Structure formats: C-alpha cells, structure tokens
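Student: predicted model and sequence below, questions to follow.
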Amino acid sequence: ELAFFRQIWEKSDDPFWLCECVGDDFVLTSINPAEMVVDPRIHPGMSILAYVGAHAEGAQLISGYYDCRDSGRTISFHQQIVLHGEDRLFQTMLVPVTDEKGRVTHICGTSRDMSEYLRTQRAQEEFSRQLERQVAERTEALNVANAELREANRILERLASSDSLTELDNRRCFFDKAGAEVERARRYGHTLSLQMLDIDHFKAINDRYGHVAGDRVLMALADILRANLRHNDVAARLGGEEFAILLPETSIDDALV
C-alpha cells in the first residue's frame, strides 16, 4: 500500500503536499514533484502561514487550513491566483490526517489546475461581450435605418397627399378627408360646410405675366387660406385655380363669416 500511494504521489500531474499542524501554524513536511513544478520556491520546512500570507489571495487558503484542522473534515474550494505573472485557477482539496485519538496532526493537500477552464470561460465572456456590442451596434444601425425609412415614408405620404405647388391637400387627399368628415357629421348630427372658390380672370394673369407669376398667385392664395383657417379646417387645391375648403362643426352662417 505504501508503494502504491508513493507512485500516486510521485507520478501524479496534480500537486500534493503534506503539512504538520504546529500550534497555529502548518509546516510543510513533504511535497511531490508536481507541486515543485507549479512553484519551485516551495520546500519542506516552510511555514504555510508565512508562504501563503505573502500572497494577496492567501486568506482563503489559510481559512481552509483552519477549517480542516478544527472540523476534521475535508475542505474543498477554488483558488484564483496569479502565478508566474499568469492568472491561474486551482481546485484545492485539504484532507485531515488524524492520530489514534482522532486529533488532526497533519493536513494533506492537493490541487487540480483548472486554468484552461478559466481561459475558456474568459474567452466565452469576451465573445459574449463582443456579440453584445455587435448586436447593440446593429440594433442602433437598424433603429437609424427605421427612422430614416419612417421619415422617407412620411415625405412620400406628404408628397402623395399634397399639391406640389401650394403644399395644400391635393384632390385625392381632400376627397378622402371630406368623405370621413361627411360620415362623422351624418353619424353625430353635426354641422358641416363646404366652400368652393377659384381665382377670377386667372387666365389673364398667365397670359399677361406668364405662368411663373400665375404660380406665385396660387401660392399666395394658399398662404392666405392657411393664415385664416382653423386647425381642423381642410383646404385643398382641386386643380388649376380651383380650391375647396371643408369646415367641420360649422353652420352656413358661420361659413359665410
């Protein structure tokens, strides 16, 4: 049995060490070759408290030693330490060794190097961060594209529903709105007035001053309508110099005014 365990001790790729409980300290009595590869500075006779206390991550390991000694139970935990300038992850197990009276006299420790798992985990985390950044960037680009598309649709809708010269509603848009207003007035018994108007002698303006001047007259009339109509009133250019005005909630007398 001794030869069997000696081979495990000497041939294992996992570090093994044995330390003696001396007062409140733990003194290394034996280490296997794998432990010497991990940290060549360690040697028998070294104080665990002095060795571990020099490392920033040592508090967890010291606490494990005390728990193992005081409870008489095997203690297992993970250690993330910086070794030879590299982040390393070890799964450490401390096993109590007792005398015939059940007192813990020694502690046998072993560690499994989990650094590859740590590197894989960090690579996955970095990949996740990159993926989140890409998703955020593409989402932002999609939001911008959607906003541009909405604006383009709004412009197209305005162009399709408005007169290009006067920017009043065009004939199709006016009849759509008028149909809805007529149905609403009929349903609720509200008043509704419709005005038709055109520009007198408009042909003479075009003939004498040209179509550019005629266009300016049409735009000026559109500005007058916009300045004098209410928010809910609908003004449209039906074609040429013909215009229509729809006045919801308006009686004939009020429409005349």
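Tutor: Ah, there it is. Numbering: from 1, shown residues only.

Student: top strand in this protein by residue count?
Tutor: strand 86-98 (DSSP state E).

Student: that one pairs with which strands, parallel or anti?
Tutor: Strand pairing for strand 86-98, using DSSP bridges, gives strand 75-83 (antiparallel), strand 104-113 (antiparallel).

Student: list the helices and strands the helix or strand hosting residue 30 packs on?
Tutor: For residue 30, the host element (DSSP states H and E) is strand 25-31. Counting by 3 or more C-beta pairs under 8 Å, 6 or more residues apart in numbering; DSSP states H and E, the packing neighbours recorded for strand 25-31 are strand 16-22, helix 48-53. (Glycine included, C-beta is placed from N, CA and C.)

Student: quick one: distance of it to the chain centre.
Tutor: How far strand 25-31 lies from its chain's middle: 51 Å, per C-alpha atoms, centre = their mean, to the nearest Å.

Student: where's residue 46 relative to residue 17, distance?
Tutor: Using C-beta to C-beta, to the nearest Å, residue 46 is found at 10 Å from residue 17.

Student: neighbour count winner among the two?
Tutor: residue 17 (23 against 18; other C-beta atoms under 10 Å).

Student: for the residue lying closest to residue 238 once chain neighbours are set aside, give me the backbone phi and psi.
Tutor: Nearest residue to residue 238 in three dimensions, chain neighbours excluded: residue 171, at 5.0 Å (C-beta to C-beta, 6 or more residues apart in numbering). For residue 171, the backbone dihedrals (degrees, to the nearest 10) come out as phi -60, psi -50.

Student: what about the helix or strand encompassing residue 144, average pLDDT?
Tutor: Residue 144 is part of helix 115-161, with elements assigned from DSSP H and E. For helix 115-161, mean pLDDT is 87.

Student: and that helix, what does it pack onto?
Tutor: Secondary elements touching helix 115-161 (3+ C-beta pairs under 8 Å, 6+ apart): strand 86-98, helix 171-188.

Student: pick out the residue closest to the middle of the protein.
Tutor: Nearest to the geometric centre of the chain sits residue 136, at 5.7 Å (C-alpha atoms, centre = their mean).

Student: quick check: the gap between it and residue 130.
Tutor: 11 Å.

Student: same question for residue 155.
Tutor: Residue 155 is 37 Å from residue 130, by C-beta to C-beta.

Student: equivalent analysis for residue 23, please.
Tutor: The value you get for residue 23 to residue 130, if C-beta to C-beta is used, is 52 Å.

Student: okay, the helices and strands packed on helix 115-161, which one's buried deepest?
Tutor: Among those, strand 86-98 has the highest mean neighbour count (mean count of other C-beta atoms under 10 Å), at a mean of 16.

Student: mind saving the C-alpha coords of that strand as CSV?
Tutor: Extracted C-alpha coordinates of strand 86-98, given in CSV (Å, rounded to 0.1, in the frame of the first residue of the first chain):
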residue,chain,number,x,y,z
GLU,A,86,-0.4,34.5,-15.1
ASP,A,87,-3.9,34.1,-13.8
ARG,A,88,-4.4,30.5,-12.7
LEU,A,89,-7.4,28.7,-11.3
PHE,A,90,-7.0,25.7,-8.9
GLN,A,91,-9.5,23.4,-7.3
THR,A,92,-7.9,22.7,-3.9
MET,A,93,-8.8,19.9,-1.5
LEU,A,94,-7.4,19.7,2.1
VAL,A,95,-7.7,16.3,3.8
PRO,A,96,-7.2,15.9,7.5
VAL,A,97,-4.9,13.2,8.9
THR,A,98,-5.7,12.2,12.4
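
Student: which residues touch that strand?
Tutor: 18, 61, 64-65, 68-69, 71-82, 104-115, 117-118 (C-beta atoms under 8 Å, 6 or more residues apart in numbering).

Student: got the angle for that strand vs helix 115-161?
Tutor: Counting by axes from the mean of the first three to the mean of the last three C-alpha atoms, to 10 degrees, strand 86-98 lies at 140 degrees to helix 115-161.

Student: thinking again about what came up before, what angle do the longest strand of the chain and strand 25-31 make?
Tutor: Using the same axes, to 10 degrees, the direction of strand 86-98 lies 100 degrees away from that of strand 25-31.
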